[in-house]
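# Based on what follows, work out the 3D shape:
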Amino acid sequence: MSFPVHTTATAPQAAQPLLQGVQQKFGFVPNLLGTMASEPALLEAYLTLNTIFEKSSLNPTERQLVLIAVSQANGCQYCLAAHSALAMMARVDGPLIVAAREGRPTGDHKLDALLSFTREVTSSRGYPSANARSQLLSAGYTNSAILAVVLAVGIKTLSNYTNHIAETQIDSAFQPKA
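Below you'll find the model as predicted:
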């Protein structure tokens with residue numbers, strides 16, 4: 001399916017200031033965001049939810065790995081590459097990134113419980129087993145973390161589905177992590 005990848009100059013008027021902010025922050029407009037610009041409300045929702053997610057109870061490593069876990073569960077190659085690159089920029093340990101990308105244990109019991117719960121929430125469409133929830137809570141997380149995972153799944157649903165439908169090309173900046 002062919003979708004335009006907008007720039008700050010070609011985007012609908014309502015999306016232009018959003019893309020200008022992205023350009024200033026990252027130095028370029030990622031293809032995902034240029035694609036989302038065709039529907040400015042989607043772009044605004046995605047950017048806003050990402051800003052809100054940064055305020056969640058999860059730490060930066062947990063946030064990036066949860067986003068990778070959702071993208072892995074949804075089979076989104078674009079977001080796997082992008083969040084792997086962003087995780088590296090956030091100084092997440094490489095072996096943790098690889099494990100999350102591959103859907104396998106990281107070796108960290110607490111983190112494994114979080115990522116397992118995240119994958120189950122994603123694959124069950126919001127109906128994780130009582131056992132998955134219990135394991136997450138037993139690992140030291142709280143109900144706040146459960147709801148942060150729900151937020152992450154919502155964010156990645158917007159981007160993963162956009163990428164699937166639009167067949168978004170992975171940006172050269174993220175290509176090394178494809």
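# Which residue ranges of this structure form strands?
Applying DSSP state E to the chain gives no strands.
# quick one: low-confidence parts of it?
For the chain, the stretches with pLDDT under 70 are 1, 178.
# which helix is the longest one in it?
If you go by DSSP state H, the chain has its longest helix at helix 143-166.
# What residues of that helix count as buried?
145-146, 148-149, 151-153, 155-156, 158-160, 162-163, 166 (16 or more other C-beta atoms under 10 Å). Using the backbone N, CA and C atoms, a C-beta is placed for each residue, glycine as well.
# First-to-last residue distance for stretch 28-48?
The first and final residues of stretch 28-48 sit 18 Å from each other (C-alpha to C-alpha, to the nearest Å).
# Give me the most central residue, this protein.
What sits nearest the mean C-alpha location of the chain, by C-alpha atoms, centre = their mean, is residue 67, with 3.6 Å.
# residue contacts, the nearest residue to it once chain neighbours are set aside?
For residue 67, ignoring the flanking residues on the chain, the nearest one in space by C-beta to C-beta, 6 or more residues apart in numbering is residue 83 at 4.8 Å. Going by C-beta atoms under 8 Å, 6 or more residues apart in numbering, residue 83 touches 64, 67, 68, 71.
# Dump the longest helix of the chain to CSV, restricted to CA.
Extracted as CSV, the C-alpha positions of helix 143-166 are listed here (Å, rounded to 0.1, in the frame of the first residue of the first chain):
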residue,chain,number,x,y,z
ASN,A,143,-0.3,-2.1,39.5
SER,A,144,1.2,1.2,38.2
ALA,A,145,3.6,-0.9,36.0
ILE,A,146,0.7,-2.9,34.7
LEU,A,147,-1.0,0.3,33.6
ALA,A,148,2.3,1.6,32.1
VAL,A,149,2.4,-1.5,30.0
VAL,A,150,-1.1,-0.8,28.8
LEU,A,151,0.0,2.7,27.8
ALA,A,152,3.0,1.2,25.9
VAL,A,153,0.8,-1.3,24.1
GLY,A,154,-1.5,1.6,23.1
ILE,A,155,1.4,3.6,21.8
LYS,A,156,2.9,0.7,19.9
THR,A,157,-0.4,-0.3,18.5
LEU,A,158,-0.6,3.1,16.8
SER,A,159,2.9,2.8,15.3
ASN,A,160,3.0,-0.9,14.6
TYR,A,161,-0.3,-0.9,12.8
THR,A,162,0.6,2.2,10.8
ASN,A,163,3.9,0.5,9.8
HIS,A,164,2.1,-2.7,8.8
ILE,A,165,-0.5,-0.9,6.7
ALA,A,166,1.8,1.7,5.2
